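Asker: A predicted structure for the sequence below; I have some questions about it.
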Amino acid sequence: MNGAQDLGGMHGLGPVMPEPDEPVFHAAWESRVFALAMAMGFTGAWTLDGSRAAREAMPPADYLRSSYYAIWLDALERQLAAHGLARPDEIARGVPDPDPDPDPAPVARVLTADILEPRYRAGFPSDRPAPAPARFAVGDAVTMRNIHPPTHTRLPRYVRAKRGTVLRVHGTFVLPDTNAYGEGENPDWLYTVAFPSSELWGEDADPNGRVTVAVFEHYIAGGRT
Amino acid sequence: MAHHHDDHDHSELSPVEARVRALESILVQKGYVEPAALDALVERYETQVGPHLGAQVVARAWVDPAYRERLLADATPAIAELGIGGRGGEHMVVVENTPEEHNLVVCTLCSCYPWPVLGLPPVWYKAPPYRARAVIDPRGVLAAFGVRLPQATRITVWDSTAELRYMVLPMRPAGTEALDERQLAALVTRDAMIGTGLPGAPASVPASVPA
């Protein structure tokens, strides 16, 4: 999606503002939004890719003027509605519907305090067995596809149609482009591709700089599509 | 375990506080979330998981060359050797600063960050100015953090576009030969492991250490 989340190279956004002794959360509500998003993600109603897709679906003007956890809150409410778990009017009232759906949507699992630590220590790996051999190897020159899906993708605009070199081959991972919509994990090869800064930003770029991007084979011209 | 919010009437809350309170109460009543788990999540990231963990990894790499090799070759199991890992760091990559190359980590598309070693990211890391500028003007970003590197030093920016999570292994500061691993870890800042800073100087150590 060519949305406001795809920020690489954009001008006019103001200075980077480091904050001395910054707290983990700046208000109690931020910490609750964080925890609610984590806990709802754990239910299996949607995936992490689905959450990212929901956040970047926010209209660009709203996205750019919203704080980080405000974006999370807005996306969480829309996800709950889209998955039939809570309607906007229910959320607005803060109490369940007095005339509830007789067959409410179940969730696969609930995050409880007793399982938090072991589950978070184990993590949620997204690598998967390889369905096919990798088509590219370290040192290969590769060109990114010039794709502009209106849906979720993790190929930033600033590298589309750009040429780089494969720096690392990482194995096969869940493809966000389909996983975000419950359309399958479609494990795909993941590469680190290095782009000279001059390839991305032209003749005024730092001649000695480079940017690496983790790209799926799906994003590479000549790769599996 | 204490709730992090109190029980004021909604009328005393700001609109966003009221909206979040309402959302939490409905999700609790539907049985989708457990309040104790929410409290534990907040407590975990406010008090337990943070850059002091990444600093332990860096200090170990500085004192143990074999560990450094394992860390750079396959970071996730090497970090797990220190009992560190999990959510948000399932697929770790550690990149090493040298006199010739400086590494800088960003997530232009959202806020990907190595949670198990650094905790949750600071606001500036998640905010549009850093995400926009790091890839097109990394030297300008570094200057905003007071870091100026020789023009001959190559800057490599790592954009966290997939589930790989990057941590920078900074160079060990000069004059730290006499420090032990714990003292070294105290020099390693969060920003040094993102690449927007350099490790602190060993201020508490005499300039010249007796032989």
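Answerer: Looks like it arrived, so ask away. Numbering: from 1, shown residues only, chains lettered A, B, ... in the order given.
Asker: pLDDT-wise, which helix or strand of chain A ranks last?
Answerer: helix A:88-93 (a mean of 82; mean pLDDT, DSSP states H and E).
Asker: who touches the helix or strand following it?
Answerer: The first helix or strand that comes after helix A:88-93 along the chain, using DSSP states H and E, is helix A:113-122. Here helix A:113-122 makes contact (Cβ atoms under 8 Å, 6 or more residues apart in numbering or on different chains) with A:42, A:111, B:1, B:34, B:36-37, B:39-41, B:44, B:85-87. C-betas here are computed from N, CA, C, even on glycine.
Asker: rerun that using 7 Å as the cut-off
Answerer: For helix A:113-122, contacts defined as Cβ atoms under 7 Å, 6 or more residues apart in numbering or on different chains pick out B:34, B:36-37, B:40-41, B:85-87.
Asker: of those, buried ones?
Answerer: Neighbour-count burial (16 or more other Cβ atoms under 10 Å in any protein chain shown) applied to those gives B:34, B:37, B:40-41, B:85-87.
Asker: picking that back up, would JSON lines of the contacts of helix A:113-122 with secondary structure be doable?
Answerer: Below are these laid out as JSON lines (DSSP: H, G, I helix; E, B strand; the rest coil):
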{"residue": "B:34", "secondary structure": "coil"}
{"residue": "B:36", "secondary structure": "helix"}
{"residue": "B:37", "secondary structure": "helix"}
{"residue": "B:40", "secondary structure": "helix"}
{"residue": "B:41", "secondary structure": "helix"}
{"residue": "B:85", "secondary structure": "coil"}
{"residue": "B:86", "secondary structure": "coil"}
{"residue": "B:87", "secondary structure": "coil"}
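Asker: and of the residues you listed, the nearest to residue B:16?
Answerer: residue B:41 (19.2 Å; Cβ to Cβ).
Asker: that closest one contacts residue A:36, doesn't it?
Answerer: No. With contact defined as Cβ atoms under 7 Å, residue B:41 does not count as touching residue A:36 (9.1 Å).
Asker: output the longest strand belonging to chain A.
Answerer: strand A:163-173 (DSSP state E).
Asker: residue in chain A with the shortest distance to chain B?
Answerer: Per Cβ to the nearest Cβ, residue A:94 is where chain A lies closest to chain B, at 3.0 Å.
Asker: how about that residue, nearest residue that isn't a chain neighbour?
Answerer: Distance criterion Cβ to Cβ, 6 or more residues apart in numbering or on different chains; nearest residue to residue A:94, sequence neighbours excluded, is residue B:22 at 3.0 Å.
Asker: show me which positions of the helix or strand harbouring that neighbour end up buried.
Answerer: Assigned by DSSP H and E, residue B:22 falls within helix B:15-29. Using 16+ other Cβ under 10 Å as the burial criterion, the residues of helix B:15-29 that qualify are B:16-27.
Asker: adding pLDDT, write those out as TSV.
Answerer: Formatted as TSV, these follow (pLDDT from 0 to 100):
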residue	pLDDT
B:16	93
B:17	93
B:18	90
B:19	91
B:20	94
B:21	92
B:22	91
B:23	93
B:24	94
B:25	90
B:26	90
B:27	93
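Asker: I appreciate the help and will end here.
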